[in-house]
Every structure is written in structure tokens, then in C-alpha cells.
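J.: dropping the sequence and predicted coords here.
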Amino acid sequence: MATSPDSSNSTPASDAPKRGLFSRKPKAAKVKKPSRLKQIGEVFQMTRQHDPMVPWLMLLAFLGVVAVSFGVGFALDNWITGLIIGIPLGILAATLILSRRAERAAFARIENQPGASGAALGTLKRGWIVEEQPVAVNPRTQDAVFRAIGRPGVVLVSEGPTTRVKPLLDAERKRLARILPNVTIHVIETGRGEGQVPISQVAKKMTKMKNELTKLEVSTVSKRISSLGSRLPIPKGIDPYKARPDRKAARGR
């Protein structure tokens with residue numbers, strides 16, 4: 001006679017509570033983002049490490065604005081209103097000082113590092129199409145050329161000494177000139193040498209260029225370049241100068 005299995009020894013397939021057909025899925029826990037004050041504090045600490053004068057400049061800006069506002073209010077026999085208006089304006093002035101100094105400190109941290117020119121292009125405002133990856137690279141020296149497309153035309157931004165990066169710039173400029181004969185190609189060399197532009201001034205220099213293309217033409221130029229594909233057939237993370245053949249595999253053949 002067959003015996004039925006003991007129900008007390010059987011375990012459920014899952015201990016999780018069953019969800020009804022029309023019940024909602026449990027919401028995933030939201031990751032709390034740092035508060036605005038905490039972000040400002042982190043930016044302030046980072047900036048002060050590279051620019052010890054920033055606290056005094058912020059304090060001077062705050063007190064200067066408050067003093068002017070108080071003086072105007074006192075002259076109008078309403079100094080309380082002057083303070084009420086001056087304190088928020090003083091905080092705004094101090095924040096602007098911190099913002100500008102923080103940008104300089106950020107550029108100082110990445111200067112002379114690979115990819116610094118690409119990071120400088122990332123600060124451009126709307127209206128520019130920026131390539132995140134370099135369009136030309138020398139794997140041995142890590143010299144690179146980045147590209148941005150905007151209403152002034154095509155801008156090539158180099159990274160490395162002039163004597164080393166010039167062949168990369170010339171090759172890329174000639175390639176673009178063949179496919180875009182009527183588009184202006186600008187060249188900016190980043191660095192501290194003669195004729196070079198510090199990375200903190202790259203975006204500013206590009207925004208001052210004269211517009212020559214319409215927004216539609218900018219899109220057309222970008223599509224035209226993209227249709228030709230990339231000139232970098234090497235996959236990411238592979239250095240051809242460090243590649244070595246597999247000798248064991250060769251012996252086994």
C-alpha cells in the first residue's frame with residue numbers, strides 16, 4: 001500500500017508572498033541623492049585645496065554686496081530693507097565666485113592628463129556636436145585629436161606637444177577637407193606653450209568663433225562625417241604596442 005508523503009516535511013517552493021494578478025509591483029528603493037548643500041560643500045572643499053584664496057574672495061564678495069546694499073538703504077532711510085535685499089545678493093555673489101574658481105580648480109586637476117581636451121569640449125553649451133572619443137590617437141605617446149562640430153564649422157582640438165601632434169592634425173584636416181570642401185576647419189592646440197590654448201580657455205575661444213553654418217547645415221555635416229565611419233579600428237583597451245603573439249598556441253599547431 002502506497003504511503004502518502006508527510007505534509008509536514010514538504011517545503012514551499014518559495015517563501016516570498018504571492019502577488020495577486022492585479023496587484024502592483026513593489027517599488028524599488030530610491031537612491032537618495034546628496035543634498036544641494038552637501039554638493040556645494042564638496043565643491044568648496046575641492047576648490048579650496050587648489051585655491052586657498054577662495055574663502056576670502058567669497059567673504060569679500062558677500063560683505064561688499066551687503067555693504068553697498070546697506071549703504072543705499074541707509075541713504076534712503078530704510079537700511080533694514082537694504083539688508084534684506086543685500087544678504088541674498090551677497091550669497092549669490094559668493095556662489096558665483098565659488099563656481100568660477102571651482103571650474104578653474106577642476107581644469108587644474110585634469111591638465112596634462114590624457115583626455116583633458118575632451119573634457120574641456122564637454123563644457124560647451126548647446127549647439128555643438130562633440131565626439132566623446134578622440135578621432136585620432138598616437139597609442140605610444142597618447143597624443144590625441146578631438147573633434148567638435150558647430151555653427152563656426154569643424155573644430156579640431158589637439159592634445160600633446162606641437163611637434164608630435166602636428167602629423168595627426170594634418171592628416172585629420174586633410175581627410176575632412178576632402179569630404180567637406182566648403183566647411184571651415186579650425187585647429188586649437190591645447191597646452192601652455194607658445195600658440196597653445198589652456199584647456200580652461202578652449203570652450204571660451206570656440207564660442208567666440210564666427211558662425212558660418214546654420215543649425216541644419218551643422219546636422220548635415222555631422223551626418224556626412226559619421227557616414228564615413230571611424231578611422232580608429234583598434235578596440236578600446238587594446239594597445240597594439242603591448243600586444244604579443246600567443247606562442248603556446250603557435251607551437252600546438
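T.: Yep, it's here. As the structure is a prediction and not an experimental result, all values here were calculated from the model. Numbering: from 1, shown residues only.
J.: what's the longest helix anywhere in the chain packed up against?
T.: Counting by DSSP state H, the longest helix found in the chain is helix 79-110. Contact partners of helix 79-110 among helices and strands, from 3 or more CB pairs under 8 Å, 6 or more residues apart in numbering; DSSP states H and E: helix 36-50, helix 54-75, helix 116-121. Where C-beta positions appear, they are placed from N, C-alpha and C, glycine not excepted.
J.: one more pass at 6 Å, please.
T.: helix 36-50, helix 54-75 (3 or more CB pairs under 6 Å, 6 or more residues apart in numbering; DSSP states H and E).
J.: can you redo those helices as a markdown table with mean neighbour count?
T.: Putting the helices and strands packed on helix 79-110 into a markdown table (neighbours: other CB atoms under 10 Å) gives the following:
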| stretch | mean neighbour count |
| --- | --- |
| helix 36-50 | 13 |
| helix 54-75 | 16 |
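J.: worst mean pLDDT among those helices?
T.: Among those, helix 36-50 carries the lowest mean pLDDT, at a mean of 79.
J.: give me the angle between that helix and helix 54-75.
T.: Angle, helix 36-50 to helix 54-75, by axes from the mean of the first three to the mean of the last three CA atoms, to 10 degrees: 120 degrees.
J.: only alpha carbons, please: show helix 36-50 as PDB.
T.: Extracted as PDB, the C-alpha positions of helix 36-50 are listed here (Å, rounded to 0.1, in the frame of the first residue of the first chain):
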ATOM      1  CA  ARG A  36      22.400  70.700  -2.700                       C
ATOM      2  CA  LEU A  37      24.200  72.000   0.400                       C
ATOM      3  CA  LYS A  38      26.300  68.800   0.600                       C
ATOM      4  CA  GLN A  39      27.200  69.200  -3.100                       C
ATOM      5  CA  ILE A  40      28.200  72.800  -2.500                       C
ATOM      6  CA  GLY A  41      30.300  71.700   0.500                       C
ATOM      7  CA  GLU A  42      32.100  69.100  -1.600                       C
ATOM      8  CA  VAL A  43      32.800  71.600  -4.300                       C
ATOM      9  CA  PHE A  44      34.000  74.100  -1.800                       C
ATOM     10  CA  GLN A  45      36.500  71.600  -0.200                       C
ATOM     11  CA  MET A  46      37.800  70.600  -3.600                       C
ATOM     12  CA  THR A  47      38.300  74.200  -4.700                       C
ATOM     13  CA  ARG A  48      40.000  75.200  -1.500                       C
ATOM     14  CA  GLN A  49      42.600  72.500  -1.900                       C
ATOM     15  CA  HIS A  50      43.700  74.000  -5.200                       C
END
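J.: elements contacting it?
T.: When contacts are defined as 3+ CB pairs under 6 Å, 6+ apart, helix 36-50 sits against helix 79-110.
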